[in-house]
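> One predicted model, sequence on top.
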Amino acid sequence: MGWVIVGVIVVLILAWLVFTYNGLIAARNRTQEAWSEIDVELKRRHDLIPNLVNTVQGYMGHERGTLEAVTNARANAVAAGATGDPAKIGQAENVLSQSLRSLFAVSENYPDLKAISAFTNLQENLTATEDKLEFSRRFYNGNVRDYNIKLQTLPTSLIAGALGFKAFGFFQADEGDRAVPQVSFGNMPPAASPGSLPPAAGPGGPPAPGSAGPPPQS
């Protein structure tokens with residue numbers, strides 16, 4: 001009789017381990033899948049930016065500082081994406097968002113530029129990408145929250161580390177990303193002639209090197 005009880009207990013423990021392990025695997029896969037959606041939107045935004053810069057520089061050539069800020073922010077965001085670290089990626093993408101908002105704020109002073117369909121299309125595509133990115137960020141962070149809770153609550157927390165499961169990092173937007181950029185038009189020179197507009201790159205734009213890939217578990 002005693003061996004039967006022991007056997008039942010062993011079977012129950014094994015069943016719980018299998019159930020818990022499979023649940024953690026499913027939660028981890030959902031989180032990684034959610035991250036891949038963020039990765040897609042980030043790449044789309046990175047691909048659109050070179051076309052945007054090529055389109056506006058003929059009209060805003062003297063706004064070199066603003067254009068260089070966008071270009072440098074994109075390069076830093078691509079480099080951060082290659083690390084796969086959500087914290088570094090989030091910080092770099094926040095800077096890129098602020099530089100794009102500054103560029104669009106400055107463009108309001110150039111009615112000729114706003115009449116160019118290539119510019120308006122790029123602006124609309126980037127805005128749509130921002131909206132999709134925000135949705136993907138919320139979806140990812142929700143999955144991270146649920147997954148991390150599984151890891152941190154008893155009795156799962158007793159075995160999660162031994163089974164190789166680690167917490168994921170959140171993909172956060174900081175307060176600076178939400179702030180409206182302050183732009184001064186006080187001493188702005190006249191807009192450049194449309195004739196100086198260089199040819200824009202193809203609709204696909206150059207591919208962004210590197211890939212954020214699935215985020216590491218901290």
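Good, I have the coordinates. Being a predicted model, the structure only gives us computed values, none of them experimental.
> buried stuff in stretch 71-82?
Neighbour counts over stretch 71-82 (16 or more other C-beta atoms under 10 Å) mark A73, R74, A75, N76, A77, V78, A80, G81 as buried. Where C-beta positions appear, they are placed from N, C-alpha and C, glycine not excepted.
> so F165 sits in a helix?
No - the assignment for F165 by DSSP: H, G, I helix; E, B strand; the rest coil gives coil, which leaves it out of any helix.
> Test for you: state the pLDDT assigned to it.
At F165, the model reports a pLDDT of 94.
> neighbours of it, just the number please.
21 (other C-beta atoms under 10 Å).
> re the thing from before, could you list which of the buried residues of stretch 71-82 belong to helices?
A73, R74, A75, N76, A77, V78, A80, G81 (DSSP state H).
> circling back to that earlier point, is it possible to get TSV of the buried residues of stretch 71-82 that adds distance to E134 and pLDDT?
Below are the buried residues of stretch 71-82 laid out as TSV (distance: C-beta to C-beta, whole Å; pLDDT from 0 to 100):
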residue	distance to E134	pLDDT
A73	18	96
R74	19	96
A75	23	96
N76	20	96
A77	16	95
V78	20	95
A80	18	94
G81	17	92
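> Export the residues you listed to JSON lines and append columns for distance to R137.
Output for the buried residues of stretch 71-82, formatted as JSON lines (distance: C-beta to C-beta, whole Å):
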{"residue": "A73", "distance to R137": "18"}
{"residue": "R74", "distance to R137": "18"}
{"residue": "A75", "distance to R137": "22"}
{"residue": "N76", "distance to R137": "19"}
{"residue": "A77", "distance to R137": "14"}
{"residue": "V78", "distance to R137": "18"}
{"residue": "A80", "distance to R137": "15"}
{"residue": "G81", "distance to R137": "14"}
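> Quickly name whichever of these is closest to V40.
Nearest to V40 among these is G81, at 11.7 Å by C-beta to C-beta.
> So the closest one sits against G90, correct?
No - at 10.7 Å, G81 does not count as touching G90 under the criterion of C-beta atoms under 8 Å.
> list residues touching both of those two?
Overlap of the contact sets of G81 and G90 (by C-beta atoms under 8 Å, 6 or more residues apart in numbering) is empty.
> Now do the helix of greatest length in the chain: which elements does it pack against?
With secondary structure taken from DSSP H, the chain has its longest helix at helix 2-56. Applying 3 or more C-beta pairs under 8 Å, 6 or more residues apart in numbering; DSSP states H and E, one finds that helix 2-56 makes contact with helix 64-83, helix 86-107, helix 117-152, helix 157-160.
> Check those helices for me and report the most buried one.
Most buried of these by mean neighbour count (mean count of other C-beta atoms under 10 Å) is helix 86-107; its value is a mean of 20.
> gap between A27 and T66?
Counting by C-beta to C-beta, to the nearest Å, the gap from A27 to T66 is 43 Å.
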